[in-house]
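In: Make a model of this:
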Amino acid sequence: MLQPSPLIISRVLKPLVFFSSLLPFLLLLSAALNDNLGADPIKTLTLETGDLGLYFLLFTLALTPLRNLLGLTWLIRFRRMLGLFAFFYACLHMLIYFVLDQGLILEAMIEDIVERPYITVGFSAFVILLLLAMTSFKAAQRKLGKNWKKLHKSVFVAMALVILHYIWLVKADLLLPLTYLSVYLLLLLGRLPSLSKT
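Out: As a prediction, the model looks like this:
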């Protein structure tokens, strides 16, 4: 199996993955600046950033099964980057909701989080992703020791909450969220042999 050299990974593949991951944000920004987000720009931005956060979480979770199935060990070197991009788009999703949709009105935000189940699970997923992002660096790994791996396995909980958030959001048209759920379950199944190790 072809294995790119560390130099190719660091000088070519990582920049390529980084800019490819940033491209959806740049396209959304361009659409916003050019007033090209449709009749409800806030809704468009909220949905698009939410979808992107979900996609990048799935990409991140797919790396270990792909490594196991194909022997592509070098893919794991992109896991932190893709995970942080998932958090980046989740942050945008939350900022758009809190700032543009709720106008940073604290009472309205708390009421939404407490009283609307899909907001509650979405916010819970974001809190988990925040903890994972804050502890994704080598210094945190050294400080947390064995607990670091245990903490980072909570990404599976975050992914489940994100999909539940999506299911409750769409209510009737469940084809797409159930497709994401099926992909997630397949990825989880593919990761089971190594779940206790990574």
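In: Report the buried residues of stretch 27-42.
Out: 28, 31, 37 (16 or more other Cβ atoms under 10 Å). The C-beta positions use only the backbone N, C-alpha and C, and glycine is treated the same way.
In: Over to stretch 135-154?
Out: 135, 136, 148, 152.
In: just stretch 59-66 next, same as before
Out: 59, 60, 61, 62, 63, 64, 65.
In: pLDDT on it, on average?
Out: Averaged over stretch 59-66, pLDDT sits at 90.
In: and what of stretch 118-138?
Out: Stretch 118-138 comes out at a mean pLDDT of 94.
In: For it, list the C-alpha coordinates in CSV.
Out: Provided in CSV are the C-alpha atoms of stretch 118-138 (Å, rounded to 0.1, in the frame of the first residue of the first chain):
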residue,chain,number,x,y,z
TYR,A,118,-33.3,19.8,19.6
ILE,A,119,-31.6,22.9,20.9
THR,A,120,-30.7,21.2,24.2
VAL,A,121,-29.0,18.2,22.5
GLY,A,122,-27.3,20.5,19.9
PHE,A,123,-25.9,22.7,22.7
SER,A,124,-24.8,19.6,24.6
ALA,A,125,-22.9,18.3,21.5
PHE,A,126,-21.2,21.7,21.2
VAL,A,127,-20.0,21.6,24.8
ILE,A,128,-18.5,18.2,24.2
LEU,A,129,-16.8,19.4,21.0
LEU,A,130,-15.5,22.5,22.9
LEU,A,131,-13.9,20.2,25.6
LEU,A,132,-12.4,18.0,22.8
ALA,A,133,-11.0,21.0,21.0
MET,A,134,-9.5,22.5,24.2
THR,A,135,-7.7,19.2,24.9
SER,A,136,-6.7,18.2,21.4
PHE,A,137,-3.1,19.4,21.7
LYS,A,138,0.0,17.5,22.9
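In: Give me the distance from it to the chain's centre.
Out: From the chain centre to the centre of stretch 118-138 is a distance of 9 Å (Cα atoms, centre = their mean, to the nearest Å).
In: before we move on, the earlier item: out of the buried residues of stretch 135-154, which sit inside strands?
Out: Using DSSP state E, no member of the buried residues of stretch 135-154 falls in strands.
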